[in-house]
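[1] I'd like to go over a predicted model; first the sequence, then the structure.
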Amino acid sequence: MYIKRGRDNVSDKQEENKRITEALEDMVSTKSKIKDLIDKGVIDRVNRGLPVSHKDFKSLEDIKKEYDSYFDEDSGNTVKEGLEEVAEYLEEEITSLSRKKPSQDLNTPLEDESKKRKIDDSTDNKPSSSGTDLPVEMPSIFEDTD
């Protein structure tokens, strides 16, 4: 029996792996920006009305916009508390996504699976007899063999 295995399944897993990897990279980057903003004292400077660099201000505003529920009036958070909560949330998400991430093997080409099992692949360059693997001539069961 031949097993038809589409490359779509592998492609879907590769796309999912890529999506998770990109999400992880974004979360790690945001978490790093938060740490930098806190470590550099940017939050304290903003709270006191002191000037900060355009880059730091933009990073802070981007984070506040993306995670607005941590900074709205209902949350009751200060900017620093909101950033710390976002960092905690991101850490939980990073841990969770890291567990879901499919095997790294999906980023490498598939081994020749025809060695492992027979695969019906339409890209093979084998001659076929109208899509079947039956012999060209078959003895008839109705012929008289006397």
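    Nice, thanks for sending it over.
[2] Going along the chain, name the helices of the chain.
    7-39, 42-47, 54-66, 79-100 (DSSP state H).
[3] and these, which is most packed in?
    Stretch with highest mean neighbour count among the helices of the chain: helix 42-47 (a mean of 17; mean count of other CB atoms under 10 Å). The way it works is simple: take the backbone N, C-alpha and C, and place the C-beta from them, glycine included.
[4] what's the helix or strand bottoming out on mean pLDDT in the chain packed up against?
    Least confident helix or strand, the chain: helix 7-39 with a mean of 88, by mean pLDDT, DSSP states H and E. Packing contacts for helix 7-39, counted by 3 or more CB pairs under 8 Å, 6 or more residues apart in numbering; DSSP states H and E, involve helix 54-66, helix 79-100.
[5] Ok, which of these comes nearest Asp12?
    helix 79-100 (14.5 Å; CB to CB).
[6] what angle separates the closest one from helix 54-66?
    Taking axes from the mean of the first three to the mean of the last three CA atoms, to 10 degrees, one finds helix 79-100 and helix 54-66 inclined to each other by 70 degrees.
[7] Can you name every helix or strand that helix 79-100 contacts?
    helix 7-39, helix 42-47, helix 54-66.
[8] try 7 Å this time
    Counting contacts by 3 or more CB pairs under 7 Å, 6 or more residues apart in numbering; DSSP states H and E, helix 79-100 is packed against helix 7-39, helix 42-47.
[9] May I have that helix exported as PDB, CA atoms only?
    Output in PDB follows, covering the C-alpha atoms of helix 79-100 (Å, rounded to 0.1, in the frame of the first residue of the first chain):
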ATOM      1  CA  VAL A  79       3.800  53.700  34.100                       C
ATOM      2  CA  LYS A  80       6.500  51.700  35.900                       C
ATOM      3  CA  GLU A  81       4.000  49.300  37.400                       C
ATOM      4  CA  GLY A  82       2.400  48.800  34.000                       C
ATOM      5  CA  LEU A  83       5.700  48.100  32.400                       C
ATOM      6  CA  GLU A  84       6.600  45.600  35.100                       C
ATOM      7  CA  GLU A  85       3.300  43.800  34.600                       C
ATOM      8  CA  VAL A  86       3.800  43.700  30.900                       C
ATOM      9  CA  ALA A  87       7.200  42.200  31.500                       C
ATOM     10  CA  GLU A  88       5.700  39.500  33.700                       C
ATOM     11  CA  TYR A  89       3.000  38.800  31.200                       C
ATOM     12  CA  LEU A  90       5.600  38.500  28.400                       C
ATOM     13  CA  GLU A  91       7.700  36.100  30.500                       C
ATOM     14  CA  GLU A  92       4.700  33.800  31.000                       C
ATOM     15  CA  GLU A  93       3.900  34.000  27.200                       C
ATOM     16  CA  ILE A  94       7.500  33.300  26.300                       C
ATOM     17  CA  THR A  95       7.600  30.200  28.500                       C
ATOM     18  CA  SER A  96       4.200  29.000  27.200                       C
ATOM     19  CA  LEU A  97       5.100  29.500  23.500                       C
ATOM     20  CA  SER A  98       8.500  27.900  24.000                       C
ATOM     21  CA  ARG A  99       6.800  24.700  25.000                       C
ATOM     22  CA  LYS A 100       4.400  24.800  22.000                       C
END
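[10] This completes my enquiry, with thanks.
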